[in-house]
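Visitor: sequence and predicted structure, then a few things I'm wondering about:
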Amino acid sequence: MTRKIAGADWHPASWQNLPAAQQPTYPDQAELDRTVASLSRLPPIVTSWEVDALKDHIAMAQRGEAFVLQGGDCAETFDECTS
């Protein structure tokens, strides 16, 4: 069951008020809290300008000016790409 957050109630941390239905149980809450605090002090993994550039590249593919080739564990191998 999903729970929607009304527009006026939304804020960047509002996800923390929602139930985490598929999360593991951590045996050491203090260690988890320290780890979360440590991670929260790190810079973002992806910058806002990298997200903007990706959006621009995806838009190019949508217009037929480029194509998207996805790689990774869940993607086809390069040998299987024939188009």
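Guide: Cool, the structure landed.

Visitor: from here on, contacts and neighbour counts on C-alpha atoms
Guide: OK.

Visitor: only the buried residues of the longest helix anywhere in the chain, if you could.
Guide: With DSSP state H setting the assignment, residue counts place helix 48-62 as the longest helix in the chain. Taking 16 or more other CA atoms under 10 Å as the neighbour-count basis, helix 48-62 is seen to contain the buried residues 57-58.

Visitor: that one - what's its average pLDDT?
Guide: Summarised as a single mean, pLDDT over helix 48-62 is 97.

Visitor: mind exporting that helix as CSV, just the C-alpha atoms?
Guide: The C-alpha atoms that make up helix 48-62 are tabulated as CSV, following Å, rounded to 0.1, in the frame of the first residue of the first chain:
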residue,chain,number,x,y,z
SER,A,48,23.1,18.7,-10.4
TRP,A,49,25.0,19.6,-13.6
GLU,A,50,25.6,16.0,-14.3
VAL,A,51,21.9,15.3,-14.0
ASP,A,52,21.1,18.2,-16.3
ALA,A,53,23.6,16.9,-18.9
LEU,A,54,22.0,13.5,-18.7
LYS,A,55,18.6,15.0,-19.3
ASP,A,56,19.9,16.9,-22.3
HIS,A,57,21.5,13.7,-23.7
ILE,A,58,18.3,11.7,-23.2
ALA,A,59,16.3,14.4,-24.9
MET,A,60,18.6,14.2,-27.9
ALA,A,61,17.9,10.4,-28.0
GLN,A,62,14.2,11.1,-27.8
